[in-house]
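*Asks:* attaching a predicted model along with its sequence, questions to come.
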Amino acid sequence: MQDKLHRTPSDALAGIVHLGLGAFFRAHGAIYVAEAMAASGGDWGVIGVSLKSPGTRDKLRPQGWAYTAVELAPTGERPQVVTVLRDVLVAPEDPQAVLDAMADPAIRIVSLTVTEKGYCHEPSTGRLNRNHPDIDHDLTNLLPQSAPGFIVRALAARRAAGTAPFTVLCCDNLPENGRVLRGVVLELAELIDLDLAAWIKSEVRFPSTMVDRIVPATSAQDIDRVAELTGVRDEAPVMHEPFRQWVVEDDFVNGDRPDLGAVGVQLVQNVTPFEHMKLRMLNGTHSTLAYLGYLAGHDTIAATMADPVFPAFVKDLWRSEIIPALTPPEGVDLVAYADALHDRYANPSIQHRTWQIAMDGSQKLPQRILGTIAEGQAAGRAMSGLTLAVAAWMRYVSGRDLAGQMIEVKDPLADTLADLWRDDPAETVAGFLALQQVFPAALRQDAGFANDLAKALTGLMDQGAAAAVEHV
Ligand code: CS2
């Protein structure tokens, strides 16, 4: 029987509340913050908040909030123990405790990884979805449920107490994520208290960021393997690739932040070119490989990349459909970036399930794929590869694979999407293109695109995914 992991947290006090304590933050932002404190000091310990379930808190508490982060390189695994967490709160159990933590003057940053759907916005426009049940609840209740609700109510408490606001640091894969979150927070605040909204507008900073590290969900086998590797039992380790990148707009309330520049975070004036590059080149092809790979019978991204038709296909997507619509960030070579992505995907040590990436497509496709298609169509480029990816998504969310087997589809719009499937591809396409919350107006009104999509869907159904990919 192995020892169980336990550490006493260090003396550093908390300076950050993080909403959405999933594996991604624990393998990315948390490690950067821990390194920044080790390099330059400062009280930047992290209070993690789970907005839904107590699972992570329950596993981490007996460990003194410590956990193991394991780097998965093609050559082997490298574990490290991360001790940056000071506490973990579970919002539905005690929303007031979360608000109290966020209102504490010692907290200067509230960061978020709540996934795309956690922003309660309309993916095609970035605006607050006022019909969202959590927003409906948060409009009239002082104890919120949604991430924007917690931010608005906590900022109200700080303003009432005469405390300076915190910086809101969005770390999700949304385009111009800080600007989108600011818009959603302001829209919600305006519905609650116009003076509060005006104060947020002038005093609060919402820097945009680009975050990158591949972090597959931890499996039961991973937990056993980490115990073997380290000799210590950790119930909540996180697994991650060696690569990491964090680009942050240097715009914090009073300039107050951990010394992120000391540990390789790129602090820039404008993050948009980095976000576009990453969302379209990485996440866009990730989703493409997830839907087409799944339908071709592949369980993971690495397995998909080991099927020879896919690497050729994805390279062609970068070269002819995605890169031509991008403005590279200064000093970045997009072809070299694509080559590096290819190698990251092919890393056989990473068991990143196509099913995991396929989740929540209605919230992901607009910024990952549909914007690129719309710009390509407008420029007269052939966009057949990404169009095939959209067709694969449509089949995937019908809830049946190409052999008619059931798929467990996870998506906030799952029921609506499943109802759109018809025997006639043109009818299926028409139903999907009517989804205003997903498709941008330019594509909804584009008869040529509707036609291409129906053809791609027919090809997929007739030939199967691998052959359709080969014949793009
Ligand atoms: C993935 C991302 O699950 C997904 O949708 O595309 O989580 C991806 O692994 C990260 O953005 C990489 O930085």
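*Replies:* That came through, no problem.

*Asks:* which non-adjacent residue is nearest the closest residue to the ligand within the stretch 251-400 of the chain?
*Replies:* Residue nearest to the ligand within the stretch 251-400 of the chain (C-beta to the nearest ligand atom): His286, separated by 3.7 Å. C-beta: built from backbone N, CA, C; applies to glycine. Distances taken as C-beta to C-beta, 6 or more residues apart in numbering place Ile357 nearest to His286, at 5.4 Å, with adjacent residues excluded.

*Asks:* confirm the one you found sits in a helix?
*Replies:* Yes - assessed by DSSP: H, G, I helix; E, B strand; the rest coil, Ile357 belongs to a helix.

*Asks:* confirm for me that it is in contact with Leu292.
*Replies:* No - contact criterion C-beta atoms under 8 Å: Ile357 and Leu292 do not qualify, at 11.4 Å.

*Asks:* so between those two, which is more surrounded?
*Replies:* Per other C-beta atoms under 10 Å, whichever of Ile357 and Leu292 has more neighbours is Leu292, with 30 against 23.

*Asks:* residues in contact with the more buried one?
*Replies:* By C-beta atoms under 8 Å, 6 or more residues apart in numbering, the contact set of Leu292 is 304, 310, 388-389, 392, 465, 468-469.

*Asks:* sheet partners, orientation included, of the helix or strand where Leu169 lies?
*Replies:* Leu169 belongs to strand 167-170 when assigned by DSSP states H and E. Strand 167-170 has the following sheet partners, assigned by DSSP bridges: strand 109-112 (parallel).

*Asks:* which residues touch the strand it pairs with?
*Replies:* Contacts of strand 109-112 (C-beta under 8 Å, 6+ apart): 15-20, 25, 29, 44, 102, 118, 147, 151, 154, 166-172, 181, 252, 256-257.

*Asks:* downstream of that strand, the next helix or strand is which one?
*Replies:* helix 133-140.

*Asks:* what is that next one packed up against?
*Replies:* helix 147-161, helix 177-192 (3 or more C-beta pairs under 8 Å, 6 or more residues apart in numbering; DSSP states H and E).

*Asks:* got a markdown table for those, with mean pLDDT too?
*Replies:* A markdown table is the format used below for the helices and strands packed on helix 133-140 (pLDDT from 0 to 100):
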| stretch | mean pLDDT |
| --- | --- |
| helix 147-161 | 98 |
| helix 177-192 | 98 |
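
*Asks:* dump those helices to CSV, plus distance to the ligand and mean neighbour count.
*Replies:* Converted to CSV, the helices and strands packed on helix 133-140 look like this (distance: least, C-beta to the nearest ligand atom, whole Å; neighbours: other C-beta atoms under 10 Å):
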stretch, distance to the ligand, mean neighbour count
helix 147-161, 18, 22
helix 177-192, 12, 21
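
*Asks:* can I get these in a markdown table including distance to Gln377?
*Replies:* As requested, the helices and strands packed on helix 133-140 are exported to a markdown table (distance: least, C-beta to C-beta, whole Å):
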| stretch | distance to Gln377 |
| --- | --- |
| helix 147-161 | 33 |
| helix 177-192 | 24 |
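
*Asks:* of all those helices, which lies closest to Val70?
*Replies:* helix 177-192 (27.1 Å; C-beta to C-beta).

*Asks:* which bits of this protein sit near the ligand?
*Replies:* Contact residues (C-beta under 6 Å from any ligand atom) of the chain with the ligand: 173, 212-214, 282-283, 286, 356-357, 364.
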